[in-house]
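[1] here's a sequence, model it:
(2 chains)
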There are 2 protein chains.
Amino acid sequence: MFAVLRWAVLFLPLCLGVRLFHNLYCETGEVEIRRNPEPSKYGSLWPLPQKVQLSAGLFQMSSASFAIVDAKQSSAGSDCNILQDAYRRYYEYVFGRGVQRDTRRGGPPVLTQLQVWISSPDPQCDSYPTISSDESYELFVSLPNVVLKAPQIWGALRGLETFSQLVHEDEYGVKCVNETIVTDFPRFAYRGLLLDTSRHFLPVNDILHTLETMAMNKFNVFHWHIVDDPSFPYMSKTFPELSRKGAFHPYTHVYTYDEVKMVIEFARRRGIRVLPEFDTPGHTMSWGKGQPDLLTPCYSGAEPSGTFGPVNPILNSTYDFMAKLFTEISTVFPDAYIHLGGDEVDFTCWKSNPDIQKFMEKQGFGDDYSKLESYYIQRLLDIVSSLKKGYLIWQEVFDNGVKMKQDTIVHVWKGNPEKYKNELENVTAASYKVILSSPWYLNRISTGQDWLAHYKADPLDFHGTEQQKKLVIGGEACMWGEYVDNTNLTPRLWPRASAVAERLWSAQNVTDLDDAFNRLSAHRCRMVGRGIAAQPLFTSYCPKEYWGA
Amino acid sequence: MFAVLRWAVLFLPLCLGVRLFHNLYCETGEVEIRRNPEPSKYGSLWPLPQKVQLSAGLFQMSSASFAIVDAKQSSAGSDCNILQDAYRRYYEYVFGRGVQRDTRRGGPPVLTQLQVWISSPDPQCDSYPTISSDESYELFVSLPNVVLKAPQIWGALRGLETFSQLVHEDEYGVKCVNETIVTDFPRFAYRGLLLDTSRHFLPVNDILHTLETMAMNKFNVFHWHIVDDPSFPYMSKTFPELSRKGAFHPYTHVYTYDEVKMVIEFARRRGIRVLPEFDTPGHTMSWGKGQPDLLTPCYSGAEPSGTFGPVNPILNSTYDFMAKLFTEISTVFPDAYIHLGGDEVDFTCWKSNPDIQKFMEKQGFGDDYSKLESYYIQRLLDIVSSLKKGYLIWQEVFDNGVKMKQDTIVHVWKGNPEKYKNELENVTAASYKVILSSPWYLNRISTGQDWLAHYKADPLDFHGTEQQKKLVIGGEACMWGEYVDNTNLTPRLWPRASAVAERLWSAQNVTDLDDAFNRLSAHRCRMVGRGIAAQPLFTSYCPKEYWGA
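    Residues are numbered from 1 along each chain as shown, chains lettered A, B, ... in the order given. Just a heads-up that it's a prediction; the model follows:
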C-alpha cells in the first residue's frame, strides 16, 4: 500500500512547488555552513518522527469540508476541552485564518476528516502532563479518513502537530497531504526550555508566544527561571514585599497569581509542564530587598560593609521563611518537581561574617564553606520533600556531595564536552537521574550556523553502562537573560532551539546534517507563516515572509 | 545664566526618577562588560552633541499648550512640508500618541513654544540632502521659548531630535526639560548604514522602520545594497525580466518603482540620502536569469559547463546593457552618487572561457585577470560619469589600480585594524576620498557587549597628514543579509548601530565608555518606547518595555 521512501523524493518537491533555497553563492566563511538546495524527502517534518512511511499517493483538503473530530472509539469526547481547543488551533494552522480555498475539481481525492482516537481508559483530559506522560501516537493519512491514535491526549497533541506539518500547498494554493503512516514517540521524556525572567522581565504575552512555539517543536517542559539576583517578579501572596521591593517595578514588572496560573494552563493545553525555579542560596540579591535578615551581611574587617551575600544559612528564621514560601510555591505550581537551583554560591561574604565563622566552628566545618552550603541545601531539600515535591538541582549540589533523595534530578550545565561527559558519567554512576544543558546555552551566540553544534551534541554520548544511560531523562535549552528581552527573544530562540528539540525527540541515528538543514529551513518558514519571528538559517526566502505576529 | 555641568549631575537623576540599572550581580564573563549604574550627566543624549550646556533650571510642558512653530525670522514657512511633517513627528515623540498630561500647578515654569528658525536664504525645503548639506544647529532651551536655529532644514531635523532627547518625565509623568544650550554639527559628513535586500528580501515597511530609527541616531546615508547574487528585487522599467526572473518571487519579493520612490522620499524627510548599489562585475548571479549573455559562460575543458561567472567584459552588448540600466538608475535615484561595487571578483570562470582568453591575449593583459577586471570597471565608470553621477566603489577597485575620477569615494571594508588603517593611509595618499566600514560589520555577532569595539574604532586613527585625514568623509555600518531578515533585523541593528552613529557624529574626544554605556542604555529605552525593538545592552529594564511596533 505504501511505496518506499524513495518515491517520496520524487513527489514532494513537485507539490511544495516553491524555490526554498537560493543561496548557492555567498561570501561568508566564518564557520561551517550548510547551503544544500535540495528539499528533504521528509518535507518539513520537525522534529523527525521515529518512523515515517511516505507514499506518492496524494489527497487534497478543503477548509469548507475538513473537520477534526473525536473518533467513535475514543475515550475522550466533546467534554475533553483540551482536545477541542487543540482541534480549533490545528485547523487554523492547516487552513490559515479566514482564508478559504476550495478543493480542485479533477484533483486528487478529498480528505474530509481527521479522527482522533484516544485509546486508554483515562485520556487525561483534566490532568497536568508529567515526566511519565505518554506522548506516543500513530497517524494514518489515508482514505477514507485520517486517523490519529494515541493512548493519551498528550500523544494526540503531538500527532496533531505532525499532521499539520504534513500538509502543504499545491501550485493552486490547495492544501494537500501525502498518504503517510507515522509511528512516533519521544526519545527523551524531558525536553525543556529555560527562560530567565529576572535579568529582563518578559511580559506574559511573550511567555505564551514562546509556549506556543515550543509546542510546534514538541518541547514539553518550560523551566521558568522566574527570580534571580537582578529582580524578583513573582508576586507572592505570603510575602508580597518580595516583588514589591525586589521587582524592577512593583506593578509593571511582576507576574500576578492569575498570570502565573494562565501560563500554567496555557502550557498544559500544549502538553507542557511548568517547572518553576527558585534558586538559593546564591542568586538571591533581589530577595533581600523585601525580606530583611534573609541575606548574609558581609563584613569589611570588624564592621558590616552594608552589602549582602547569599542567603544566611545560620538563622532559623531563614528556614521558617523558606518553608512558608515553598509551601506557597508548591500549591501555585502543580508540577511534581521544583527546581531549587543551588548553583554558583560565592563564599566571600560568608567568610567575612564573624557569626558565620562561629557557626562553622560550632558545626566542625573547619574552613570548608561547601559544607555550610551543603548544610543549607540539605535543610531546604528536607523542607521541599515534606511538601511532597520532587526537585531538580544544578550540578554543584551533587558535586558538593549533598545528600539528596534518590529521585532527585541533577541538571548538568557546566563546561566543555569533556567536562560535561565526565559529569554525566559521575552523576549516573551515583544512580541519579540527569538532564543536560551544557551544549545548549542559546544565549551564547556567534556569527553563522551555530545550530549545527547544538544539533550534533547528544546526551548519551558519554562513557557509561546501559543502566547509566537510562538515567539520562533528557535535556534543556537555556536562554539566560543578560542580553535578551522581548525585543530579541523570539528570533534568538527560533529556530536555534528547534535543533535541540529534534535531538531530544527523534531517534539517536537522526544525524544527517544536510537533511536536517533542509527540513529545518522549511520548518522555520512554517513558524514564520504562523506569526513566529524565527530567524533565517542562511540566505533564502519564505513563500510567506514575516509580517508581524 | 547657565550653571556649569556639575549641577546637571545633581539634577537629572531626580527628574528621571526611575531605576534604569539593576544589574550589579551577574554570572557572565565572556567579554568586557559595562554595568555602571550611574545615570549620565548628559541624560539620554545620543549621539552626544558637540557642545552641551545643561543647567539646573527646569521647565515643564503640556501637550495641550505646547507647539512647534516657525520662528518669525525663519526663511521656511508653512509651505515647507518637510519641516511641518517633522514638527508633527517630534510633537508625537515628545508627548506620545493620544496621551494628554497636564502641567503641574506649582511646578516649574511652563514652556509653550519651540520656534524653529531657518537662517539661510535657501532653507532647502524641496531639496534632497547631499554630502555637503549643512546639518549644524543651535538649540536654546530657555524662557520664554525654546529656539532652534539652523542654516538649513537638515540641521533643524537634527535639532528636533536632540530637543526630543532632552525631554524627560518627572515623577508625576509631566514632561520636563532642563535649561540647556546645544551647539552641534556632525564630525563626519557621511554617516551610513547598509542594508542588504538580496540575500533576504526586506519588505518596504521594514526599510521605512529602519530609516525612522536612523534619524533617531542622526545617520544620514542609507546605502541600499539592493541586488546581489541571490536575488534581484529591483523592478527595472527598462529590463523588467531582471526581477521577473531574478527575484525570489516576481510579485511578493520585489520593489516597485513607486515603492523605491516612497523609500527615497521617506528618507529625504529625515535628512537621509539613499545611495543605491548595483554591484558588478561579480555578485551578479541573479542578473543572469533575466538578461541572457550578460554573464560569462564557464567552461569545463572545451565545453561550456552550464554555469556562469561574473559579467562578461568582452561583449559590447554588456556595455549597451549597463548604459541603459544605469541611465534608468540615475534617474530613479536622485542622489549624486551611485555605489558601483566592484568587490570580490572570482577569476576562475573568466580563466576557463576560451573567448575571454583570446580577448586577454588581444589586449595584451597576459595572465593578469585583474587587468580585465579593470578594463570592465573603467568602461563602467565612464558610462556612469557620462550620466553626471559620482560613484563609490569597494576598495578592490582602488587596490587593482583602476583609473578613477578624482571625486570617487573609496569604500574600505576589508581586514583587521592593521590592514584597514594601511588601506586608509594608501587611499588618502592617492588623494581619494574614503569611507570606512571594516570595524562595523554588524552582521558579525558575538555574545556580550560588542558595541564597545564598534564604539572604540575611529576612522581617523591611522598614519597620515592632516590633508589625508580630511579625505575621510565618514563611515558606514553594514548589515549583510546572510543571517538577517525582517524577523531579526531590528534588534540586531539597534542599539549596535547607534555606537557607530555616535562615533561618526560626536567629537573625537567623546570616548568615555562608562558614560556612553549610561547614555546608550537610556537611548535604547527611548527607542523601545518609540516602538523600535532595540535589544538590551545588559541586565536591565525599561520604564516602558517593548509591546510591539
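[2] the residue nearest to A:Asp407 when sequence neighbours are not counted bridge partners, please.
    Spatially, and ignoring its direct neighbours in sequence, A:Asp407 is nearest to A:Gly390 (5.4 Å; CB to CB, 6 or more residues apart in numbering or on different chains). Every residue, glycine included, has its C-beta placed from N, CA and C. Under DSSP bridges, the beta-bridge partners of A:Gly390 are A:Tyr337.
[3] confidence score at A:Gly390?
    According to the per-residue confidence, A:Gly390 scores 95 in pLDDT.
[4] check the secondary structure at A:Ile393 for me.
    strand (DSSP: H, G, I helix; E, B strand; the rest coil).
[5] my read: it touches A:Val410, true?
    Yes: contact between A:Ile393 and A:Val410 holds when scored by CB atoms under 8 Å: they sit 6.4 Å apart.
[6] okay, now the unreliable bits of chain A?
    A:1-32, A:36-37, A:98-101, A:549 (pLDDT under 70).
[7] mind giving me the domain ranges of it?
    Residue ranges for each domain of chain A read A:2-33, A:51-184, A:190-514, as given by automatic domain parsing.
[8] reformat those as JSON lines; add distance to B:Asp79 and mean neighbour count.
    Conversion of the domains of chain A to JSON lines gives the following (distance: least, CB to CB, whole Å; neighbours: other CB atoms under 10 Å in any protein chain shown):
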{"stretch": "domain A:2-33", "distance to B:Asp79": "47", "mean neighbour count": "16"}
{"stretch": "domain A:51-184", "distance to B:Asp79": "45", "mean neighbour count": "18"}
{"stretch": "domain A:190-514", "distance to B:Asp79": "39", "mean neighbour count": "20"}
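[9] mind checking those domains for the one nearest to B:Lys405?
    B:Lys405 lies closest, by CB to CB, to one member of the domains of chain A: domain A:2-33, at 27.1 Å.
[10] for A:Cys80, which non-adjacent residue is closest in space?
    A:Cys125 (3.9 Å).
[11] measure the one you found to chain B for me?
    Counting by CB to the nearest CB, to the nearest Å, the separation of A:Cys125 from chain B is 34 Å.
[12] right, and that residue touches A:Asp85 too?
    No: contact between A:Cys125 and A:Asp85 fails when scored by CB under 8 Å: they sit 10.5 Å apart.
[13] thought A:Gly341 was touching A:Asp279?
    Yes: using CB under 8 Å, A:Gly341 is in contact with A:Asp279, at 2.7 Å.
[14] which neighbours do those two share?
    Taking CB atoms under 8 Å, 6 or more residues apart in numbering or on different chains as the criterion, A:Gly341 and A:Asp279 both touch A:Trp394.
[15] the stretch 201-350 of chain A: strands as residue ranges?
    In the stretch 201-350 of chain A, strands defined by DSSP state E, counting those that start in this stretch lie at A:221-225, A:273-280, A:295-300, A:303-311, A:337-341, listed in chain order.
[16] mind checking the SS state of A:Ser78?
    In the three-state summary, A:Ser78 is assigned as coil, counting by three-state DSSP.
[17] quick one: contacts for it?
    Neighbouring residues of A:Ser78 by CB under 8 Å, 6+ apart: A:70, A:84.
[18] quick check on it: phi, psi?
    Reported as degrees, to the nearest 10, the phi and psi values for A:Ser78 are phi -70, psi -10.
[19] and the gap between it and A:Arg89?
    Taken as CB to CB, to the nearest Å, the spacing of A:Ser78 relative to A:Arg89 amounts to 16 Å.
[20] cool, A:Arg444 as well?
    33 Å.
[21] just A:Phe185 next, same as before
    Computed with CB to CB, the distance linking A:Phe185 and A:Arg89 is 22 Å.
[22] could you do A:Gln378 as well?
    45 Å.
[23] now do A:Thr112
    Counting by CB to CB, the gap from A:Thr112 to A:Arg89 is 19 Å.
[24] next one: A:Lys388
    Distance from A:Lys388 to A:Arg89, by CB to CB: 33 Å.
[25] that older thread, nearest to B:Cys478, of the strands of the stretch 201-350 of chain A?
    Once CB to CB is applied to the strands of the stretch 201-350 of chain A, the stretch that comes out nearest is strand A:221-225, at 35.4 Å.
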